[in-house]
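Engineer: Task: produce atomic coordinates for the following.
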Amino acid sequence: MPEHHGRDGLALSYQELGAGRPLVLLHGFLGSGRQWLDHGAAAAFADRGRRVILPDLRGHGRSARPHDPAAYPPDALADDGLALVDHLGLSDGGYDLGGYSLGARVVLRMLVRGARPARAIVAGQGLDALRSATTRGSGYRRVLTALADGEAVDPADEQLAHWVTETGGDPQALRNVLDTHVATPAEALHGITTPTLVAVGDQDTAHASAEDLAAALPDARFTRVPGNHFTAFTSRELTSAMAAFLDES
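Structural biologist: Below you'll find the predicted structure:
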């Protein structure tokens, strides 16, 4: 896998497939860029004439996973995304940008910080999680701390702990990722002029404020696709909605 470097020099991995107009897709928490490959979405976009770029976020996948909290400053993931855009030489308006869940949060932070894709996709994310550094990660933090410290996991958290283990996640690195979150005030969202698709699963109750997020963006459209937060990501309907939106450019 090719590498680029974050603005602090950290080694970060990404992969590509297809040729044509660049499309950068960011994965969710605990995942990796491979998630977009595994359920066929990346191949579907490549088949439609896209150069699909799939980074592994800091602390995830094959990217560096340092344990030092100093390697996870506020907005580090957005900084990494902007560094990737620079590394690839993507010009303003010359690429598209999308993300799911944590990846969608990073997309918005990149837009606020000056990224200028022609179109953006924000999926599996709600307005409420953006207004503060977020308290939604408390369950993740509890599980990751137990795993990192070799302690017993609460029975109620066993499924999440199993998921961390199955995906090969590094609990200490992932816990540090939670500390990179930065709040995005409403006025910052109002300044995003990039045409944006906001999508969410029709059973994704944790991100029910996605429609409010779309309303807060000056040039956004909103759509629901079948599924909860996890199954919506792999749905053909989400891939189709994203493809149709991107094909309008």
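Engineer: Point to the residue nearest the middle of the protein.
Structural biologist: For the chain, the residue nearest the mean C-alpha position is residue 103 (0.6 Å; CA atoms, centre = their mean).
Engineer: CA-only coordinates of whichever strand or helix holds it, as PDB, when you get a sec.
Structural biologist: Under the criterion of DSSP states H and E, residue 103 resides in helix 102-112. Provided in PDB are the C-alpha atoms of helix 102-112 (Å, rounded to 0.1, in the frame of the first residue of the first chain):
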ATOM      1  CA  LEU A 102     -16.300   9.100  11.800                       C
ATOM      2  CA  GLY A 103     -15.300   9.600   8.200                       C
ATOM      3  CA  ALA A 104     -18.200  11.900   7.700                       C
ATOM      4  CA  ARG A 105     -17.200  14.000  10.700                       C
ATOM      5  CA  VAL A 106     -13.700  14.300   9.200                       C
ATOM      6  CA  VAL A 107     -15.200  15.400   5.900                       C
ATOM      7  CA  LEU A 108     -17.000  18.200   7.600                       C
ATOM      8  CA  ARG A 109     -13.900  19.300   9.500                       C
ATOM      9  CA  MET A 110     -11.900  19.200   6.200                       C
ATOM     10  CA  LEU A 111     -14.500  21.400   4.600                       C
ATOM     11  CA  VAL A 112     -14.500  23.900   7.500                       C
END
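Engineer: chain center to that helix, what's the gap?
Structural biologist: Put simply, helix 102-112 sits 7 Å off its chain's centre (CA atoms, centre = their mean, to the nearest Å).
Engineer: This protein: helices as residue ranges?
Structural biologist: Ranges of helices in the chain, per DSSP state H, are 34-38, 41-47, 76-88, 102-112, 138-148, 158-166, 171-177, 186-190, 210-216, 236-247.
Engineer: and the third one with helix 102-112, angle?
Structural biologist: Here helix 76-88 runs at 70 degrees with respect to helix 102-112, directions being taken by axes from the mean of the first three to the mean of the last three CA atoms, to 10 degrees.
Engineer: who does helix 76-88 touch, helix- and strand-wise?
Structural biologist: Contacts defined by 3 or more CB pairs under 8 Å, 6 or more residues apart in numbering; DSSP states H and E place helix 76-88 against strand 3-5, strand 11-17, strand 21-26, strand 50-55, helix 102-112. All C-beta atoms are positioned from the backbone trio N, CA, C, and that covers glycine.
Engineer: Now do the last one: everything it contacts.
Structural biologist: Contact partners of helix 102-112, identified using CB atoms under 8 Å, 6 or more residues apart in numbering, comprise 25-29, 57, 75, 77-78, 81-82, 85, 97-99, 117, 120-125, 129-130, 181-182, 184, 188-189, 191-192, 194, 196.
Engineer: quick one: low-confidence parts of the chain?
Structural biologist: 132-136 (pLDDT under 70).
Engineer: Show the contacting residues for residue 59.
Structural biologist: Applying CB under 8 Å, 6+ apart, one finds that residue 59 lies in contact with 65, 66, 72, 170, 173, 174, 176, 177.
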